[in-house]
Each structure stands twice: as C-alpha cells, then as structure tokens.
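In: below are the sequence and a predicted model; questions follow.
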Amino acid sequence: MSRLPLRTIEDAPAEAQPRLEAAQKNNGFLPNLVRLLANAPVALETYQTVGEINGRASLTLAEREAVQITAAATHGCGFCVAGHTAVAEKKAKLDQGVISALRDKAQVPDARLDAVARFTEAVIASRGAVSDAELAGFKDAGFDDQAALEVVLGVSLATLCNFANNMGQPELNPQLAAYEWKGAAQAAAAE
C-alpha cells in the first residue's frame, strides 16, 4: 500500500489535473508514479518536462532506457525498473538478454549499451565526479561530451522518479506486472 496518496484526476490538486489527464491519454492508464507525484504539482511538472527534454537528447531511445533501468536498479526502485523494462521491450525493442543484464546490473551483451550502463553507475556512485578513466572509457565506446552530460540528465530524471517511488512506495500498476523486478527485495534480504 502506498505511503502517500495516489491521486486521481478528480481528487488531485487543480494544477496537476491536466497533467494527469495527459499521462492517462499517453499511457492508456494512469501510472501510480504519476498519481504519486500529483501530490506536489511542481514535482509532476518537473518529471514530465524533464522527461520531454530527455526525449530530445542525442542518446538513442535504447541508450536512454539503459540509463533509466541502470539508475532505477542502482537506486532500488522496482517501479521504475518495471516501467522502463516495458519501454525497453515494447518501444526500444531491446533484446531480452540486454534487458536482463541491465536489470541485474551485469555486463550487457551490447558493448555500446554496456558502456552507457557502466558510465551511469559511475555517475551515480561518484555524484558526477567520474574519473578520467571512466570518462575516457565512455568516449572510447563512441560517445562524446554531449552524451556524457545527457547521461547526467537521465540520472537526474531517474533520481526524481526513483526517490519519489522509494519514499511513497506505490503499488505496481497491473499493466506493468509482467515486468516486476524483485532485485531490490532480494538485495535487502541478502543484507
């Protein structure tokens, strides 16, 4: 059960209602993340605005999803791992082996996406203060300075979503149940 209210279009603050309507139209359902963020209309606006901006990045959809899944797995956000797994499979058409490796934070069988995942982990672990070797390794995989900063952009978007979900603990929407991730629970049980 969610620790924070999951707003509906009807009971959300007035400023959030048009954004909820747009999310429902875009997704075909109202993701619980969006319902959670509607408690703070500016947080919902930030999520949607930064998401739109991130969508215009030079990174491909597959690369952007590698950032999102890696960040969500690193932050222990099962909701976002599931949601971005759905996007990776349905829209980015990523191979199941690639998706599984991203979810498990393992070596990705696609060298370019593995470079994105490793660089994302380095950005998060160092709070952006990546080493010269980590930045060089990312560039050696064919990326440039713009792409490096776009990974930071993706991490910033993921951080908002991951931390909001981790705090609010919304249930996974039934539409995402097939993509459920138990990595966070397994990691916590192992400690």
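Out: Arrived safely, thanks for sending. In this text the structure is predicted, and so the values were computed from the model without any measurement. Residues are numbered from 1 along each chain as shown.
In: use CA for all of it now, contacts and neighbours both
Out: Fine.
In: ranges for the strands of the chain?
Out: When secondary structure is read from DSSP state E, the chain shows no strands.
In: show me what counts as buried in the longest helix seen in the chain.
Out: If you go by DSSP state H, the chain has its longest helix at helix 145-168. By neighbour count with 16 or more other Cα atoms under 10 Å, helix 145-168 contains the buried residues 147-148, 150-159, 161-162, 164-166, 168.
In: ok, now stretch 89-107?
Out: Here stretch 89-107 shows 89, 92, 94, 98-99, 101-105, 107 as buried, counting by 16+ other Cα under 10 Å.
In: check the offset of it from the chain's centre.
Out: 13 Å (Cα atoms, centre = their mean, to the nearest Å).
In: circling back: so which elements touch the longest helix of the chain?
Out: Here helix 145-168 touches helix 32-37, helix 41-54, helix 61-75, helix 78-90, helix 111-126, helix 132-140, going by 3 or more Cα pairs under 8 Å, 6 or more residues apart in numbering; DSSP states H and E.
In: so how far is Ala22 from Arg112?
Out: According to Cα to Cα, to the nearest Å, Arg112 and Ala22 sit 33 Å apart.
In: between these two, which one's more packed in?
Out: Set Arg112 next to Ala22 and count neighbours by other Cα atoms under 10 Å: Arg112 wins out with 15 against 12.
In: for the nearest residue to that one once chain neighbours are set aside, which residues are in contact?
Out: Nearest residue to Arg112 in three dimensions, chain neighbours excluded: Ala141, at 6.0 Å (Cα to Cα, 6 or more residues apart in numbering). Shown in contact with Ala141 (Cα atoms under 8 Å, 6 or more residues apart in numbering): 111-112, 115.
In: may I have the phi/psi pair for Ala141?
Out: Taking degrees, to the nearest 10, you get phi -80, psi 0 for the backbone angles of Ala141.
In: pLDDT at it, what is it?
Out: Looking at Ala141, its pLDDT stands at 98.
In: could you list the low-pLDDT ranges of the chain?
Out: Residues of the chain meeting the criterion pLDDT under 70: 184-191.
In: switch the cut-off to 50
Out: Applying pLDDT under 50 to the chain flags the ranges 186-191.
In: go ahead and flag the most central residue of it.
Out: Centroid-nearest residue in the chain, with Cα atoms, centre = their mean: Gln68, separated by 3.4 Å.
In: show me the contacts for the residue lying closest to it once chain neighbours are set aside.
Out: Among residues not flanking Gln68 along the chain, Ala158 sits closest, at 5.9 Å (Cα to Cα, 6+ apart). Ala158 sits next to 68, 71-72 when contact means Cα under 8 Å, 6+ apart.
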